[in-house]
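> take a look and give me a structure for this.
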Amino acid sequence: MLLAVGGSLGVAETATAATASGPEGQTITVSKVEGLDPAGETVTVHGEGFDLATGIYVVVCVNTGAGQQPTPCLGGVDMEGSAGASAWISSNPPSYGEGLAQPFEEVDGKGSFDVQLTVAGSDEFTDCLDPAQAPNGCVVGTRADHTRTADRSADVVIPITFAAGAGGDAGGDGAGSGAAAGTDTGAGDRETAGTGGPSPSSTTAGGAGSDLAETGSPVGPVALAALALLGAGGALVIARRRPTEETNRP
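Below you'll find the predicted structure:
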């Protein structure tokens with residue numbers, strides 16, 4: 001079945017998988033999009049036709065509708081790839097991202113990738129099954145990384161649904177309806193206060209100036225906090241050494 005949204009996106013679905021196309025002809029295919037386990041299930045995401053110069057996050061986010069940046073994102077943006085809730089793909093990351101970002105595979109001058117994501121119905125901050133937090137459900141998709149937050153050219157999203165779990169409903173009605181999978185072309189980012197890792201609470205608070213997909217502690221502030229702690233530690237060591245040095249002076 002082929003679905004068209006605003007004439008800009010096609011989504012082809014099988015019984016388990018779905019494929020969506022973006023504004024520049026790029027596509028993603030998700031191995032399973034319906035009846036996912038709310039407790040967490042691994043899916044494979046294949047992408048091709050991406051701009052090699054634009055780094056992306058592959059994420060699970062609240063569906064904010066066509067023209068809007070999908071956010072908050074469950075698990076935040078996992079720049080180190082340790083949690084499996086998201087992936088950072090970039091062939092030209094900033095220096096601190098070298099060795100962390102997975103490079104694109106170049107095919108005919110375009111970027112391709114294959115990643116596995118652990119897709120869950122909720123995390124500490126966001127619940128895809130809660131209509132108050134995610135009235136349109138959630139999506140698996142791509143978006144430009146934190147170096148191009150306002151760039152909607154890399155947005156390709158596919159709605160997902162969850163099987164009924166012990167904690168609540170199937171969560172499928174919102175995810176498959178309303179603003180369905182769409183190519184985001186608008187500039188209205190709907191950010192929350194931070195991200196864990198490519199997102200703190202699911203309450204919207206920011207705008208286009210935010211760095212990353214939201215839901216956890218923002219990567220930028222976390223990195224800055226780490227540097228601050230290192231600085232504070234160094235200052236503490238110096239402060240502790242000075243009395244000793246002065247005591248030992250003749």
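> from here on, just use CA atoms for contacts and neighbour counts.
OK.
> and what about Thr147, helix, strand or coil?
Here Thr147 is recorded as helix under DSSP: H, G, I helix; E, B strand; the rest coil.
> pLDDT wise, what is it at?
Turning to Thr147, the model gives it a pLDDT of 93.
> ok, it to Phe50 distance?
Remark: distance between Thr147 and Phe50 (CA to CA, to the nearest Å) = 16 Å.
> looking at these two, which is more packed in?
Phe50 (26 against 14; other CA atoms under 10 Å).
> pretty sure Asp151 sits against Thr142.
No. Using CA atoms under 8 Å, Asp151 makes no contact with Thr142, being 11.5 Å away.
> show me which of these two is the more surrounded one.
Using other CA under 10 Å, the more surrounded residue of Asp151 and Thr142 is Thr142, with 32 against 20.
> what sits against the more buried one?
By CA atoms under 8 Å, 6 or more residues apart in numbering, the residues touching Thr142 are Ile56, Tyr57, Val58, Val59, Ala154, Asp155, Val156, Val157.
> okay if I get those as JSON lines plus distance to Pro93?
JSON lines is the format used below for the contacts of Thr142 (distance: CA to CA, whole Å):
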{"residue": "Ile56", "distance to Pro93": "10"}
{"residue": "Tyr57", "distance to Pro93": "12"}
{"residue": "Val58", "distance to Pro93": "15"}
{"residue": "Val59", "distance to Pro93": "18"}
{"residue": "Ala154", "distance to Pro93": "16"}
{"residue": "Asp155", "distance to Pro93": "18"}
{"residue": "Val156", "distance to Pro93": "20"}
{"residue": "Val157", "distance to Pro93": "23"}
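> ok, so of these, who is nearest Gly75?
Val59 (8.7 Å; CA to CA).
> before we move on, back to that, quick one: the contacts of Thr142 as CSV, columns for pLDDT, secondary structure and distance to Glu106 too.
Output for the contacts of Thr142, formatted as CSV (pLDDT from 0 to 100; DSSP: H, G, I helix; E, B strand; the rest coil; distance: CA to CA, whole Å):
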residue, pLDDT, secondary structure, distance to Glu106
Ile56, 96, strand, 15
Tyr57, 95, strand, 17
Val58, 96, strand, 17
Val59, 95, strand, 21
Ala154, 96, coil, 16
Asp155, 95, coil, 19
Val156, 96, strand, 19
Val157, 96, strand, 22
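> in the residues you listed, which residue is surrounded by the most others?
Val157 leads the contacts of Thr142 on contacts (other CA under 10 Å) with 36 neighbours.
> and that one, how far from Glu98?
Taking CA to CA, one finds Val157 at 26 Å from Glu98.
> same deal with Pro70?
Counting by CA to CA, the gap from Pro70 to Glu98 is 25 Å.
> same deal with Ser31?
Applying CA to CA to Ser31 and Glu98 gives a distance of 28 Å.
> before we move on, what about Val33?
Taking CA to CA, one finds Val33 at 31 Å from Glu98.
> more neighbours: the two, which one.
Val33 (24 against 13).
> shouldn't the more buried one be in contact with Pro159?
Yes. Applying CA under 8 Å as the test, Val33 and Pro159 come out as touching, 7.1 Å apart.
> number of residues surrounding Tyr96?
Tyr96: 8 neighbours (other CA under 10 Å).
> can you give me the pLDDT of it?
pLDDT at Tyr96 comes out at 91.
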